[in-house]
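# Got a sequence here, can you model it:
(3 chains)
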Amino acid sequence: MNPKTFALVDCNNFYASCEKLFRPDLSTKPVVVLSNNDGCVIARSKEAKALGIKMGVPLFQIRDLIEKHRIQMFSSNYALYADMSARVMQTLEQMAPAVEVYSIDEAFLDLTGIEASTNLTEFGQAVRQRIQQWVGLTVCVGIAPTKTLAKLANHAAKAWSKTGGVLDLSSQDRQRKLMALLPVNEVWGIGGKLTKRLEAMGIRTALQLADAPPKLIRQQFSLMAERTVQELNGESCLALEDMPATKKEIVSSRAFGERVTDKQQMLQAVAEYVHRACSKLRSEGCQAKQISVFIRTSPFSDHTKDPYYSNNRTAELTYPSDDTRDFLHVANRLLDQIWKDGYRYAKAGVMLSDFYTQGVHQQDLFASPDSIKGNSALMSLVDQINERQPNALFFGSKGTVQDWGMKREQLSPAYTTNWEQLPHAW
DNA sequence: TCTGGGGTCCTAGGACCC
DNA sequence: TCTGGGGTCCTAGGACCC
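Residues are numbered from 1 along each chain as shown, chains lettered A, B, ... in the order given. Take a look at the predicted model:
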């Protein structure tokens, strides 16, 4: 097979950098971004990392550190991050023949063939400079013959500043030198559980994993683990996926700002999640046939005082739909089935699945005309209005006073997308 | 007191069929 | 007494990702 060339471009400290971009006064200060509900840390600036703040740590555990070092906190502001992400991706699309947007802050590029006419490191530097100049964010670039190695190269480009933020890992010699230095859990696809089991077999570094027999890894672990070994050896198993995959499920869920003990409030919350999930469904141009609802108390509290309960239930519609009202009705019934009085609920959510492309589903002979044409005109009007002014229109069941809603006490203004913070704009 | 949200893929095991 | 074997589909759960 012909050798491939991939690059992984990843923004440095993405959420924290987005916040800093609009607060030049904080450019050298420690900044953290908090999860929904201001619950835990999900992004840290370089300075915050240096202070020892770990990814995912609950906010209440680091209050002292925050105070002592005057760390600036922000509630997560996804409208801002999504907008900045789109600017980065647009820039990449102008520079590379094929781009796979892998997550909000990283993308794979297929650079196969360009090395004939272009120095790969220089290309990486050009990407870095242009994004810095056009968007104001710093990225690192890792280049290698497989996606898994490109991930490792990117990791190294971030970790070692002498790389200048770009590492070309085309040569096998350099691949092996780097892998010898990296613990196996740094490898893409090797998480906590696998790391433990690999270590028990004496495999501690990425290089030791690369040198393990693929068949043994397949037999002891899984197909995915075997592919990882092959990718570490320069054999490309994972292709660039430049067409966005069609979703297979849509989840809407939130931890509550305050515990919910009242069924009426829970009904409102679930209605809100149904509403959000169905909006997403329509924006994907899909219909769904299955819905499930889940509720749970906190898994972290002392269960002798605050007993644990978690449950979920799934139901199927007769026909696929994208109409919020169809799902609301079923969701209420599902909640009835799993609700138990006397618990302090911490979180709930809704999942839609079993998707059909609009118009493709085979209707049965006895379907009423109503169920076929649905009420798409009404639903798309609701979406259009809500796009201009979020939450302008909603269904009565979700209530108007939301005690359970999110805490977002440190929210930054919507610098680039002004709707949410301008209540009278519309 | 206080611990995110949204996804994907793989696998084992059961149901079902011939 | 002794109760097949293999294929497919579906689902729940595990593991991983950012």
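# from here on, contacts and neighbour counts on C-alpha atoms
OK.
# Is any residue of stretch A:135-146 near DNA strand C?
No. With Cα under 7 Å from any atom of the strand as the criterion, DNA strand C is not reached by stretch A:135-146; the gap is at least 12.8 Å.
# Just give the closest residue to A:Phe108, not the sequence neighbours.
Setting aside the residues directly before and after it, A:Phe108 is nearest to A:Leu8 in space (Cα to Cα, 6 or more residues apart in numbering), at 4.6 Å.
# how far away is that neighbour from A:Gly136?
19 Å (Cα to Cα, to the nearest Å).
# What is the end-to-end distance of stretch A:64-73?
13 Å.
# likewise stretch A:234-246?
Rule used - Cα to Cα; the end-to-end distance of stretch A:234-246 is 29 Å.
# quick one on the thing from earlier: between A:Leu8 and A:Gly136, which is the more surrounded one?
Per other Cα atoms under 10 Å, whichever of A:Leu8 and A:Gly136 has more neighbours is A:Leu8, with 30 against 15.
# I'd assumed that one was in a helix, is it?
No. Using DSSP: H, G, I helix; E, B strand; the rest coil, the assignment for A:Leu8 is strand, not a helix.
# before we move on, which element is A:Arg296 in?
strand A:286-297 (DSSP states H and E).
# In its sheet, which strands sit next to that strand, and in what direction?
Strand A:286-297 sits in its sheet next to strand A:310-321 (antiparallel), strand A:345-357 (antiparallel), going by DSSP bridges.
# can you pull the buried residues of it?
For strand A:286-297, the neighbour count (16 or more other Cα atoms under 10 Å) marks A:286-297 as buried.
# With stretch A:119-134 instead?
For stretch A:119-134, a neighbour-count test (16+ other Cα under 10 Å) marks A:120-121, A:123-125, A:127-131 as buried.
# so how far does stretch A:297-316 reach from one end to the other?
26 Å.
# what comes up buried for that stretch?
A:297-298, A:306, A:308-310, A:312-316.
# Of those residues, which is the nearest to A:Ser412?
Distance ranking of the buried residues of stretch A:297-316 against A:Ser412, using Cα to Cα, places A:Ser298 first at 28.1 Å.
# OK, contacts around the closest residue in space to the closest one that isn't next to it in sequence?
Closest residue to A:Ser298 apart from its sequence neighbours, by Cα to Cα, 6+ apart: A:Ala346 at 5.3 Å. Going by Cα atoms under 8 Å, 6 or more residues apart in numbering, A:Ala346 touches A:255-256, A:258-260, A:295-298.
# Any part of the strand holding A:Arg296 near DNA strand C?
No. Strand A:286-297 stays clear of DNA strand C (Cα under 7 Å from any atom of the strand), getting no nearer than 9.6 Å.
# re the thing from before, test my guess that the residue nearest to A:Phe108 contacts A:Asp105.
No. Between A:Leu8 and A:Asp105 there is no contact, the gap being 10.6 Å when judged by Cα atoms under 8 Å.
# Quick check: residues of chain A near DNA strand C?
Within chain A, the residues that sit near DNA strand C (Cα under 7 Å from any atom of the strand) are A:103-106, A:185, A:187-195.
# Just the buried residues out of those, in ChimeraX syntax.
Applying 16+ other Cα under 10 Å to these, the buried members can be selected in ChimeraX as follows:
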select /A:104,105,106,185,187,188,190,195
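# Which ones among the residues of chain A next to DNA strand C map onto strands?
Using DSSP state E, the members of those that fall in strands are A:103, A:106.
# In the stretch 1-150 of chain A, which residue sits closest to DNA strand C?
Nearest residue of the stretch 1-150 of chain A to DNA strand C (Cα to the nearest atom of the strand) works out as A:Ser103 at 4.7 Å.
# Check the stretch 201-350 of chain A too.
Among the residues of the stretch 201-350 of chain A, A:Thr314 lies closest to DNA strand C, at 7.5 Å counting by Cα to the nearest atom of the strand.
# okay but that residue is in contact with A:Phe327, surely?
No. Look at A:Thr314 against A:Phe327 with Cα under 8 Å: they stay out of range, at 11.5 Å.
# Identify the contacts common to these two.
With Cα under 8 Å, 6+ apart, A:Thr314 and A:Phe327 have common neighbours A:Ile291.
# name the helices or strands packed onto the lengthiest helix in chain A?
The longest helix of chain A (DSSP state H) is helix A:263-283. Helix A:263-283 is packed against strand A:249-260, strand A:286-297, helix A:324-338, strand A:345-357, with contacts defined by 3 or more Cα pairs under 8 Å, 6 or more residues apart in numbering; DSSP states H and E.
# Using CSV, lay out these together with mean pLDDT.
Converted to CSV, these look like this (pLDDT from 0 to 100):
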stretch, mean pLDDT
strand A:249-260, 95
strand A:286-297, 94
helix A:324-338, 95
strand A:345-357, 94
